[in-house]
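**Q** 3D model of this:
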Amino acid sequence: MADSHAPASPEKPGAASPAPAVTRAAAVLDALAASATGRLTLSDLSREVGIPKSSTSNLLLALEEARLISRQGAEFTLGRKLVELGAAYLGRMDEVQEFYRYCEQASVLSRETVRIAMLDGANVIYLARYEGHPAVRLTSNIGDKMPVSLCAVGKALVARLNWHDIEEMFPDDAELPVLTPKSLRTGAELKAQLREIREQGFAFEDEESTTGVVCLAVSVPTRGAHGPSLGLSVTALEATYTPEQGAQMVKELQELAHSLGNPMG
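**A** All right, here's what the predicted structure looks like:
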């Protein structure tokens with residue numbers, strides 16, 4: 001008799017989808033995006049999607065014809081069409097356009113590296129980047145994902161969630177990703193910082209994702225019930241950073257956040 005307590009086998013991508021082919025195509029793109037080299041073979045992708053090689057081959061052919069992927073010998077990579085689609089998405093976000101306009105004329109931020117990011121579960125995705133300080137180019141680029149615990153903007157965005165949701169996402173003993181000796185290690189450490197962020201109205205990252213780099217961030221008031229959860233951050237070199245400089249940066253970040261969240265006010 002079958003064991004009623006045996007775990008169910010994981011479902012293949014598309015198994016319960018109203019459009020399985022689309023779900024599997026998305027799984028292919030996700031797998032390529034997550035690959036360390038950015039390249040995967042037919043066999044790799046067949047395993048990732050969980051369907052036979054013949055079906056995977058047909059799927060890859062369709063994606064290649066749509067320029068969503070590119071074939072390089074026996075391997076596949078993401079296609080340039082995705083860049084066009086991403087640019088079109090960002091180009092229609094009023095917040096991104098206003099972000100660039102403000103940074104260009106701001107007295108302090110115009111000389112710094114500033115980014116706007118969107119909360120995506122336990123990560124943030126960087127949507128735009130203003131380059132006012134050539135020396136700080138070793139941080140995240142447009143389209144990059146970063147765990148919220150490793151970046152100021154992620155902490156600023158999580159800090160405004162319902163505390164019950166924060167407890168579920170980050171129990172005290174949760175092990176967090178680590179990039180530097182100063183990275184937060186546990187959910188308890190993160191929540192201690194989130195309490196401070198709620199009180200002071202901004203987040204500070206002290207060399208937690210990149211040694212020698214600090215970052216300040218604020219969240220943007222949400223536009224409507226279904227608006228994106230956005231945050232703003234500014235990066236500085238730890239060697240030259242001062243609290244006075246930080247106060248000026250936070251002031252302009254908060255002004256920009258108010259402008260993005262309340263375009264009529």
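**Q** sec struct for V218, please.
**A** Counting by DSSP: H, G, I helix; E, B strand; the rest coil, the backbone at V218 sits in strand.
**Q** ok, it - contacts?
**A** Contact partners of V218, counting by Cβ atoms under 8 Å, 6 or more residues apart in numbering, are A156, G201, F202, A203, G231, L232, V250, L253, Q254, A257. Heads up, the C-betas are built off the backbone N, CA and C, glycines and all.
**Q** make TSV out of these and add neighbour count and secondary structure.
**A** As requested, the contacts of V218 are exported to TSV (neighbours: other Cβ atoms under 10 Å; DSSP: H, G, I helix; E, B strand; the rest coil):
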residue	neighbour count	secondary structure
A156	32	helix
G201	13	coil
F202	24	coil
A203	27	strand
G231	28	strand
L232	29	strand
V250	20	helix
L253	27	helix
Q254	16	helix
A257	23	helix
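**Q** so where do the helices sit in the stretch 1-150 of the chain?
**A** Assigned by DSSP state H, counting those that start in this stretch, the helices in the stretch 1-150 of the chain fall at 20-34, 42-49, 53-65, 81-91, 94-105.
**Q** where among the ones you listed is the average confidence lowest?
**A** Averaging pLDDT over each of the helices of the stretch 1-150 of the chain singles out helix 81-91 as the lowest, with a mean of 73.
**Q** hmm, who's touching that helix?
**A** Counting contacts by Cβ under 8 Å, 6+ apart, the residues touching helix 81-91 from outside are L29, A66, R67, L68, V96, Q97, L127, A128, I142, G143.
**Q** got it, and stretch 112-120?
**A** The set of residues external to stretch 112-120 that reach it, using Cβ under 8 Å, 6+ apart, is 95-96, 99, 103, 124-133, 136-137, 139-140, 145-146, 148, 151, 153-154, 157-158, 220, 228-236, 249, 253.
**Q** can you say which of the residues you listed are buried?
**A** 95-96, 99, 103, 124, 126-130, 132-133, 136, 139-140, 146, 148, 151, 153-154, 157-158, 220, 229-236, 249, 253 (16 or more other Cβ atoms under 10 Å).
**Q** I'd say L260 and R101 touch.
**A** No: under the criterion of Cβ atoms under 8 Å, L260 lies out of contact with R101, with a separation of 10.7 Å.
**Q** those two: which is more packed in?
**A** Neighbours of L260 and R101, each counted by other Cβ atoms under 10 Å, are more numerous for L260; the result is 21 against 12.
**Q** gap between the more buried one and T180?
**A** In this view, L260 and T180 are 30 Å apart by Cβ to Cβ, to the nearest Å.
**Q** what packs against the helix or strand hosting V153?
**A** Remark: V153 resides in helix 152-158, with elements defined by DSSP states H and E. With contacts defined as 3 or more Cβ pairs under 8 Å, 6 or more residues apart in numbering; DSSP states H and E, the packing partners of helix 152-158 are strand 113-120, strand 123-131, helix 187-200, strand 203-206, strand 213-219, strand 230-237.
**Q** columns distance to A21 and mean pLDDT on top of those, output as JSON lines?
**A** Formatted as JSON lines, the entries for the helices and strands packed on helix 152-158 read as follows, by distance: least, Cβ to Cβ, whole Å; pLDDT from 0 to 100:
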{"stretch": "strand 113-120", "distance to A21": "24", "mean pLDDT": "92"}
{"stretch": "strand 123-131", "distance to A21": "25", "mean pLDDT": "90"}
{"stretch": "helix 187-200", "distance to A21": "39", "mean pLDDT": "96"}
{"stretch": "strand 203-206", "distance to A21": "41", "mean pLDDT": "96"}
{"stretch": "strand 213-219", "distance to A21": "38", "mean pLDDT": "96"}
{"stretch": "strand 230-237", "distance to A21": "33", "mean pLDDT": "93"}
